[in-house]
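Chemist: 3D, please:
(one chain, ligands or ions: 2)
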Amino acid sequence: MENTTDFQYPHTFILLGASGDLAKKKIYPTIWYLYRDNLLPEKTKFIGYARTKQSVTDIREKCKKYIKLLPGDEEKFEKFWQSNDYFSGTYDKRVDFEMLNQLITKFEKGPVANRIFYLAVPPTVFEDVTVNIRNACVSIKGFTRVIIEKPFGRDDISSSKLSNHLAGLFKEEQMYRIDHYLGKEMVQNLMTIRFANQIFCPSWNRENIASVLISFKEPFGTEGRGGYFDDFGIIRDVMQNHLLQILSLVAMEKPVSLNPNDIRDEKVKVLRHIRPIKQEDILIGQYVGNPDGQGDEKLGYLDDPTVPKDSVTPTYALATLFINNARWQGVPFILRCGKALNERKAEVRVQYKDAPGDIFNGHAKRNELVIRVQPGEALYLKLMSKSPGMTFDLVETELDLTYSMRYREADVPDAYERLILDVFMGTQMHFVRSDELTEAWRIFTPILKELEEQHVKPVPYRYGSRGPLEADMKLGENDFKYSGSYKWKKPVC
Ligand SMILES: NC(=O)C1=CN([C@@H]2O[C@H](COP(=O)(O)OP(=O)(O)OC[C@H]3O[C@@H](n4cnc5c(N)ncnc54)[C@H](OP(=O)(O)O)[C@@H]3O)[C@@H](O)[C@H]2O)C=CC1
Ligand SMILES: O=C1O[C@H](COP(=O)(O)O)[C@@H](O)[C@H](O)[C@H]1O
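Modeler: Residues are numbered from 1 along each chain as shown. Ligands and ions are numbered 1, 2, ... in the order given. Model prediction:
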C-alpha cells in the first residue's frame with residue numbers, strides 16, 4: 001500500500017542507528033523541531049533502534065547539548081520524549097526486527113498506519129538492515145518509506161550493486177536518498193531564480209555566460225573523522241554529490257512541471273551531457289599545518305592519528321566540467337571544495353562575459369550573479385553603474401537581496417527539517433533518484449580510480465589558507481576573471 005499519505009493516520013518514525021553521532025547531533029534535534037512546530041502528523045510515534053542497551057532517558061541526555069529548547073517549550077518537550085521509545089537489537093537477525101515490528105504494531109490503531117525508516121547506520125550493516133526491514137517490518141496497512149544517507153557506494157560498481165540491492169527490496173518511490181544540500185534554502189531557490197524570472201531565462205547560456213564557479217569551503221579539518229574521510233576523500237565527500245547536485249540545478253533545462261520526476265528527468269539529462277573528468281581538468285590538494293596558527297590549525301591532515309602517514313587522499317579539489325549540449329558547450333563549470341580553509345562558504349558564481357564593443361576604455365567589469373548558500377543566504381548581482389554625481393566614471397555595484405535584511409521575520413528551516421518533512425508528505429523532489437547516482441558515478445569514477453592507482457600526490461596548502469595557489473591559476477585558465485577591485489559596502493540599517 002503506497003498511497004496513504006494523510007496526516008490523520010498514525011505514523012511511526014523508526015530511527016535505525018539511534019545510538020550514533022548523526023542521530024544525536026542531527027536527527028533527534030530535527031524531529032523535535034518538527035514536533036515542536038506541529039508540522040508532523042499528530043499521531044506520530046518515534047522509535048529508536050540500535051545495538052546499544054540504553055533507554056529513552058539516555059538518548060535524551062546524549063542529545064541535550066544539540067537541542068535548542070526555547071523558554072515555554074518545556075511541557076511540549078516532555079510530551080515529545082513520551083512519544084519516543086527505544087528498542088535494542090542486532091542489525092543482522094531477523095528475529096530482532098520481528099520484535100521491532102511487534103513494538104511498532106502496538107501503536108498502530110485503525111485501518112491505516114504508515115512507517116518511515118531512517119537509516120543512520122554505517123554502510124557495513126546497510127544490506128542486513130534493509131533486508132530485515134523488508135522481511136519483518138514493512139507496513140501492511142499503509143506506506144513504508146526508507147530514508148538513506150550517503151555514502152551511496154564509493155564508485156560506479158559499488159553504487160550500482162547498492163542500487164540493485166535496494167531495487168530488489170523497495171520501489172523507487174519508497175526510497176528517499178538524502179543529499180542534505182538539496183534541503184538548503186538557496187539550493188531550493190535555484191529553480192525559482194532561473195525559471196520564474198524572464199530576465200535570466202534568455203541569458204542563461206553559452207552566448208552570455210563565461211563560466212560558472214560552484215564552491216564549498218570549510219574552516220576546519222577532518223577533526224577525528226580522518227578514518228572515514230581517508231577512505232573517501234573530498235571528491236566523494238562533497239564534490240560528487242553536493243556540488244554536482246547544485247550544478248545539475250544550475251544547468252538543467254526547464255522541467256515540464258514541478259512534478260519531482262519531471263525535475264529529476266532534467267537533472268539526469270544534463271548530467272548525461274558531461275563526459276568523465278580527465279586528469280588535466282582536476283587539481284587536488286591536502287592541507288598541512290600552519291606553524292603560525294592556533295590549536296588544530298598547527299596540524300596537517302597527515303598529523304591526524306587515524307590517517308596513514310603516506311596518505312594521498314585529497315582534502316581539496318577543483319575540477320572543471322563541460323556540458324556538451326547546445327546551451328552550454330564550451331562553458332567551464334568549475335567545482336571547488338576543501339577543508340581547513342580560511343572560511344565557511346558555499347556559493348554559486350555565474351560569471352557573465354565581458355560586454356562587447358567596449359566604449360569605457362576597459363573599465364567595465366563582468367556581471368556576476370552570486371547565489372550564496374551559506375553562511376547568510378543571499379543573492380546579489382554585480383553590475384556596473386555610473387558613479388553618482390558630476391563624474392561620468394564607472395562604479396562596480398550590486399543589486400543585493402540579503403535574506404537577513406529583506407526577510408527579517410523569516411525563519412529559514414534547517415535542511416534536515418525540510419527533507420524529513422518531505423518524506424512524511426511523500427514528495428521526492430529534493431531526493432536523489434538512482435539514475436542521477438549512476439550518472440554522477442559515471443562522471444567521477446574514472447578520475448577517482450586514476451588518482452588512486454597512480455598514487456597522485458596532492459598539492460600541499462596551509463591550514464587556514466584559501467587553498468593551493470595553483471587553484472587561482474586554474475580559475476583564470478577556465479575563463480573565471482577575478483579583478484580584486486569589487487568592494488562591498490554593508491548597508492547601514
Ligand atoms: N548581500 C551580501 O551580504 C553581500 C555581501 N557581499 C560580501 O562582500 C564581500 C565581497 O564580495 P564578493 O562577491 O565575494 O567579491 P569578490 O568578487 O571580490 O570576491 C571575493 C572573493 O574572491 C576570491 N578571491 C580572492 N582572491 C582571488 C584570486 N586571486 N582569484 C580568484 N578569486 C579570488 C575569494 O574567495 P575564494 O577564497 O572563495 O576564492 C574572495 O572571498 C564578500 O564577503 C561578500 O559576502 C557582497 C555583496 C552582497
Ligand atoms: O556531507 C557533508 O557535509 C558537511 C557540510 O555540511 P554543511 O551543511 O555544514 O555545509 C561536511 O562537513 C561533511 O564532510 C560532508 O560529509
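
Chemist: Gly285: helix or strand, and which one exactly?
Modeler: Assigned by DSSP states H and E, Gly285 belongs to strand 282-288.

Chemist: Point out the other helices and strands that that strand packs with.
Modeler: Packing partners of strand 282-288 (3 or more CB pairs under 8 Å, 6 or more residues apart in numbering; DSSP states H and E): strand 316-322, helix 434-453, strand 459-462, helix 470-477. Yep, even glycine has a C-beta here, placed from its N, CA and C like the rest.

Chemist: What pairs with it, parallel or antiparallel?
Modeler: strand 316-322 (antiparallel), strand 459-462 (parallel) (DSSP bridges).

Chemist: could you point out which element follows the first one?
Modeler: Going back to what we said before, that points to strand 316-322. strand 332-338.

Chemist: What's the mean pLDDT across the helix or strand following that following strand?
Modeler: The element immediately downstream of strand 332-338 (helix or strand, assigned by DSSP H and E) is strand 345-352. Throughout strand 345-352, pLDDT has a mean value of 98.

Chemist: before we move on, what about stretch 18-38?
Modeler: 96.

Chemist: hang on, the earlier thing: please tell me how far the strand holding Gly285 is from the chain's geometric centre.
Modeler: 21 Å (CA atoms, centre = their mean, to the nearest Å).

Chemist: List, one by one, the residues from the stretch 101-250 of the chain near ligand 1.
Modeler: Applying CB under 6 Å from any ligand atom, we find that the stretch 101-250 of the chain lies next to ligand 1 at Ser215.

Chemist: And the residue of the stretch 101-250 of the chain that's closest to ligand 1?
Modeler: Here the stretch 101-250 of the chain gets closest to ligand 1 at one residue, Ser215, 5.4 Å apart by CB to the nearest ligand atom.

Chemist: Could you say which helix or strand holds that residue?
Modeler: Using DSSP H and E, the element containing Ser215 is strand 209-217.

Chemist: Taking strand 282-288 as reference, get the angle to whatever helix or strand comes next after that strand.
Modeler: Next along the chain after strand 209-217, taking DSSP H and E as the criterion, comes helix 226-234. Inter-element angle recorded for helix 226-234 and strand 282-288: 150 degrees (by axes from the mean of the first three to the mean of the last three CA atoms, to 10 degrees).

Chemist: now the helix or strand immediately after helix 226-234 in the chain: mean pLDDT?
Modeler: Heading C-terminal from helix 226-234, the first helix or strand you meet, by DSSP H and E, is helix 244-251. The average pLDDT for helix 244-251 rounds to 98.

Chemist: near ligand 2, which residues of the stretch 301-450 of the chain show up?
Modeler: Residues of the stretch 301-450 of the chain lying near ligand 2 (CB under 6 Å from any ligand atom): Ala346.

Chemist: Give me the nearest residue to Lys25, chain neighbours excluded.
Modeler: Tyr66 (5.0 Å; CB to CB, 6 or more residues apart in numbering).

Chemist: got a list of what that neighbour touches?
Modeler: Lys24, Lys25, Lys26, Tyr28, Pro29 (CB atoms under 8 Å, 6 or more residues apart in numbering).

Chemist: that's a helix at the first one, yeah?
Modeler: Yes - note on Lys24: a helix contains this position according to DSSP: H, G, I helix; E, B strand; the rest coil.

Chemist: So what does the closest residue to Gln174 other than its chain neighbours have for phi and psi?
Modeler: The shortest distance from Gln174 to any non-neighbouring residue, by CB to CB, 6+ apart, is to Arg145 (5.4 Å). Main-chain dihedrals, Arg145, degrees, to the nearest 10: phi -120, psi 140.

Chemist: before we move on, back to that, looking at the contacts of Tyr66, which is nearest Thr438?
Modeler: Nearest to Thr438 out of the contacts of Tyr66 is Lys26 (CB to CB; 27.2 Å).

Chemist: wait, what's in contact with the most centrally placed residue in the chain?
Modeler: Residue closest to the average C-alpha location in the chain (CA atoms, centre = their mean): Tyr181, at 2.5 Å. Residues counted as contacts of Tyr181 (CB under 8 Å, 6+ apart) are Val187, Asn241, His242, Gln245, Ile246, Ala346, Val373, Ala415.

Chemist: any chance you could map the strands in the stretch 351-493 of the chain?
Modeler: Listed in chain order, the strands of the stretch 351-493 of the chain (DSSP state E, counting those that start in this stretch) span 368-374, 378-386, 394-402, 459-462.

Chemist: Tabulate those strands (TSV), appending mean pLDDT, distance to ligand 1 and mean neighbour count.
Modeler: Below are those laid out as TSV (pLDDT from 0 to 100; distance: least, CB to the nearest ligand atom, whole Å; neighbours: other CB atoms under 10 Å):
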stretch	mean pLDDT	distance to ligand 1	mean neighbour count
strand 368-374	98	5	20
strand 378-386	97	4	16
strand 394-402	96	4	16
strand 459-462	98	12	18
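
Chemist: To what extent is the closest residue in space to Thr5 that isn't next to it in sequence buried, counted in neighbours?
Modeler: Residue nearest to Thr5 in three dimensions, not counting chain neighbours: Gly426, with 4.2 Å by CB to CB, 6+ apart. Neighbour count of Gly426, defined by other CB atoms under 10 Å: 18.

Chemist: hang on, isn't Gly426 packed against Ile116?
Modeler: No - using CB atoms under 8 Å, Gly426 is not in contact with Ile116; the gap is 10.2 Å.

Chemist: shared neighbours of those two, anything?
Modeler: By CB under 8 Å, 6+ apart, Gly426 and Ile116 have these common neighbours: Arg145.

Chemist: host element of Ser311?
Modeler: Using DSSP H and E, Ser311 falls outside every helix and strand.

Chemist: dump the residue contacts of it.
Modeler: Going by CB under 8 Å, 6+ apart, the list of residues near Ser311 reads Asp230, Gln286, Tyr301, Leu302.

Chemist: Could you export those to a markdown table, including columns for neighbour count and pLDDT?
Modeler: Formatted as a markdown table, those follow (neighbours: other CB atoms under 10 Å; pLDDT from 0 to 100):
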| residue | neighbour count | pLDDT |
| --- | --- | --- |
| Asp230 | 18 | 96 |
| Gln286 | 25 | 98 |
| Tyr301 | 26 | 97 |
| Leu302 | 18 | 96 |
